[in-house]
Every structure is written in structure tokens, then in C-alpha cells.
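Colleague: Predicted model follows, preceded by the sequence.
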Amino acid sequence: MSLIDNLKKSNILIKPVAKNRWGLLEEMIELATKNKDIAAEDSEAIKSALIEREKSMSTGIGNGVAIPHCSTDRVKDIVAVMAICSKGIDFDAIDNEPVKIVILLITPKDKLSQHIKTLANIAKMMSDADLREKLVNLKTPDAVLKILKDYQIQ
């Protein structure tokens, strides 16, 4: 499973308003809830699971990328939300650098192998410095999807 298989244009945030990782996680969950990818009654439980996961160990994987994630029985399909934070947000990343690309991944508990494969796919994509640089400079969700599709074809 790849990011492009699970990421919808409406779930791409360009220039989020949040100033820290906790606010950004909340903003991303609110977007997925608004887009009906998460039921309103489940958003608090999912946000709590993400925050608990993040507090146990930051999902800032370095090179300006974070992949906050959790598995839950409150979603039926993989939910992906992407945020491009061109100024960077402190995510307590392993390299102590600000995070500019955040990819939130919420997976059903019964799809653990898809969860792992999708996380691995995202990590592999985000290891490409050229792709990261292009993404951070994009201004629209359409442009983000195009770059990700083009990258996947390579």
C-alpha cells in the first residue's frame, strides 16, 4: 500500500495554522473528521491514541519529516492526512530539526500488515531529498498529488 493510494486531495493541508505538533495533530484530525474519513464521535479517541503514541516516542523520523500514526478499530479504511509546514514545526524529531512534512496515518486494527507496508512506503518516499524539497515548496493540494504520483511512477 502506498501513500498515494490513501491520500485524498481534501486531506492535504498547505500552511496549517498550528504552531506546535499537538495543535497540528488536532488540526489534521479535525480535517479528516470534516471530510468524513473519521466519524465525529471517534475523533477524540483517535486524537488521544495519536497523542499517546507521540508521547511514547516522537514520530519525527528526521530530514524534516514526521509520520504520526496509530491503529484503531474506529476506522474501516486507512486514513491519510498530509500537512506541508514550510516554516517547520518542532516535532522532537530524532535529528532535532524542524518538521516540514507531516503524514498522519490511521489504520484499522485488522489491517496491521497494510499499516506496516504503508509506513515503510512513506518512509522510503520521504528519504528522497529531491521529493522533500519539491513538496515543501508546493502551494496547492493538486500539485502535491501530482508530485507524489510522478514519484510513484519512477
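Modeller: Structure received. Residues are numbered from 1 along each chain as shown.
Colleague: Would you map the strands across the protein?
Modeller: 7-14, 60-62, 65-66, 69-72, 79-89, 99-108 (DSSP state E).
Colleague: low-scoring stretches of this protein, by residue?
Modeller: In the predicted model of the chain, residues 1, 153-154 satisfy pLDDT under 70.
Colleague: let's go with 90 and repeat that
Modeller: 1-6, 111-119, 121, 150-154 (pLDDT under 90).
Colleague: Comparing the strands of the chain, which comes out most buried?
Modeller: Across the strands of the chain, averaging neighbours per residue (mean count of other CB atoms under 10 Å) puts strand 65-66 on top, at a mean of 26. No exception for glycine: its C-beta is placed from N, CA and C like everyone else's.
Colleague: Can you list the strands that it pairs with?
Modeller: strand 60-62 (antiparallel), strand 99-108 (parallel) (DSSP bridges).
Colleague: So for Trp22, which of the ones you listed sits nearest?
Modeller: Among the strands paired with strand 65-66, strand 99-108 comes nearest to Trp22, with 12.1 Å by CB to CB.
Colleague: The closest one to strand 7-14, inter-axis angle?
Modeller: 140 degrees (axes from the mean of the first three to the mean of the last three CA atoms, to 10 degrees).
Colleague: Tell me, how many residues neighbour Ala120?
Modeller: Neighbour count for Ala120, taken as other CB atoms under 10 Å: 12.
Colleague: Please apply the same query to the one 3 residues further on.
Modeller: The local packing of Ala123 (other CB under 10 Å) involves 13 other residues.
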